[in-house]
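[1] Have a look at this prediction, sequence included:
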Amino acid sequence: MTTIAFIGLGNMGNPMAANLIKAGHAVQGFDLVPENLKQAAANGVTVMASATAAVKDAEVVVTMLPAGKHVLSVYAQVCEKAAPGTLFIDSSTIDVSSARQAHQVAESYGLHSLDAPVSGGVGGAAAGTLTFMCGGTDEAFAKARPVLEKMGGKIVHCGDAGNGQAAKICNNMILGISMIGVGEAFALGEKLGLSHQALFDVASTSSGQCWSITSYCPVPGPVPASPANNGYKPGFAAALMLKDLKLAQEAASSVGAATPLGAEAAQLYGLFNAMGNEGVDFSGIINFLRGQTS
């Protein structure tokens, strides 16, 4: 049994922590939101009074926080309280620069660290099937893998510090672009009198095939588990897609990469969010593409 501190027990963190407990680990958790702590306690997490208290006696520290500034703030508070050799795993989705700064802070205290953002959404967190994209040393990755395997189905070492975040934002830029393309195609098909099922049957088995069609089709019917069949209740909210697209644009600007489709996707999701759709699943952008205002 490993003692694990888990800081950030929101929609993703809580089910991830619950899977660690199911695997036999002891989890000491902290979050700023009382309701999150209440749910964590119901899942078997030992709720602590602060982030610094959570890391006491922990062999592994997992963070799942909203942005780079939050990760750096927590690291500034808790790294000095952790025993040398403690493993820090940050599963937040943040900018690459902040991720690399967090590694430097951890290293300065003699700690192992890994940036390990995830793909798979709330459903994947609950099912323990997340994909972890990891950046850090071979040693840190080897130490983290047995822990990550209790929360995910695929664990990928993407290279040095920050490369996990780089992989995540590149992947989600692809996803944002592809969902817009799929949405446009289905909206066009509707205008041309093509049924959703007919277009799905063709595109899902031919050159237009992609995850946005086969697993997350944005129209009701063809893929029963997609949010389109549940009023676009989010598995991955539009606000989070916009956050990731903005991170991709920041990264592209920092290295001089041309990402015109990524930039256009960020603009479209920005408009979609501005219309009050922050909490709608990102696949709901098809309604915006249809010209619907809500």
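    Received, thanks.
[2] Now do the same contact list for the residue nearest to S195 when sequence neighbours are not counted.
    With Cβ to Cβ, 6 or more residues apart in numbering as the criterion, S195 has its nearest non-adjacent residue at 7.9 Å, and that residue is G189. Placement of C-beta: from N, CA and C, glycine included. Residues counted as contacts of G189 (Cβ atoms under 8 Å, 6 or more residues apart in numbering) are 195-196, 198-199.
[3] among these, who's most crowded?
    Counting neighbours by other Cβ atoms under 10 Å, L199 leads those with 22 neighbours.
[4] helix, strand or coil for that residue?
    Three-state call for L199 (DSSP: H, G, I helix; E, B strand; the rest coil): helix.
[5] Do I have it right that E139 meets L111?
    No - judged on Cβ atoms under 8 Å, E139 makes no contact with L111 at a distance of 11.7 Å.
[6] Give me the more crowded residue out of these two.
    Counted by other Cβ under 10 Å, E139 and L111 do not tie: L111 has more neighbours, with 22 against 11.
[7] so that one touches C79, yeah?
    Yes - checked against Cβ under 8 Å, the pair L111 and C79 is within contact range at 6.1 Å.
[8] Touching both of these two, which residues are there?
    Residues touching both L111 and C79 (Cβ under 8 Å, 6+ apart): F88.
[9] which of the contacts of G189 lies closest to P220?
    H196 (7.4 Å; Cβ to Cβ).
[10] What distance do you get for the closest one to V182?
    11 Å (Cβ to Cβ, to the nearest Å).
[11] how many neighbours does T46 have?
    So T46, with other Cβ under 10 Å, has 15 neighbours.
[12] Please apply the same query to L188.
    Using other Cβ under 10 Å, L188 has 12 other residues around it.
[13] Which helix or which strand is home to it?
    helix 163-191 (DSSP states H and E).
[14] what does V78 give?
    helix 68-78.
[15] immediately after that helix, which helix or strand?
    Assigned by DSSP H and E, the successor of helix 68-78 is strand 87-90.
[16] Check which helices and strands that following strand sits against.
    If contacts are counted by 3 or more Cβ pairs under 8 Å, 6 or more residues apart in numbering; DSSP states H and E, strand 87-90 sits against strand 60-63, helix 96-108, strand 112-115, helix 138-148.
[17] closest to E250 out of those?
    helix 96-108 (8.5 Å).
[18] Would you mind giving the orientation angle of that closest one with respect to helix 138-148?
    100 degrees (axes from the mean of the first three to the mean of the last three Cα atoms, to 10 degrees).
[19] What mean pLDDT does helix 96-108 get?
    Average pLDDT, helix 96-108: 97.
[20] Show me what it is packed against.
    helix 68-78, strand 87-90, strand 112-115, helix 163-191, helix 238-255.
[21] Alpha carbons of the third one, in PDB - could you do that?
    What follows is strand 112-115, C-alpha atoms only, in PDB (Å, rounded to 0.1, in the frame of the first residue of the first chain):
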ATOM      1  CA  HIS A 112      11.000  13.200  -8.600                       C
ATOM      2  CA  SER A 113       8.400  14.800 -10.900                       C
ATOM      3  CA  LEU A 114       6.200  14.000 -13.900                       C
ATOM      4  CA  ASP A 115       3.800  16.100 -15.900                       C
END
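[22] Distance from the chain centre to it, please.
    Chain-centre distance of strand 112-115: 17 Å, with Cα atoms, centre = their mean, to the nearest Å.
[23] could you say what helices and strands that strand packs with?
    strand 87-90, helix 96-108, strand 130-135, helix 138-148, helix 163-191.
[24] Give me the buried stretch members for stretch 31-50, please.
    31, 36-37, 39-40, 43, 45, 47-48 (16 or more other Cβ atoms under 10 Å).
[25] And the contacts of it?
    Counting by Cβ under 8 Å, 6+ apart, residues outside stretch 31-50 touching it are 5-10, 13-14, 17-18, 21, 26-30, 54.
[26] Looking at those, which are in strands?
    Counting by DSSP state E, the part of the contacts of stretch 31-50 found in strands is 5-7, 26-30.
[27] Among these, find me the one that's closest to S283.
    Nearest to S283 among the ones in strands among the contacts of stretch 31-50, with distances taken as Cβ to Cβ, is F6, at 29.3 Å.
[28] No more questions from me, cheers.
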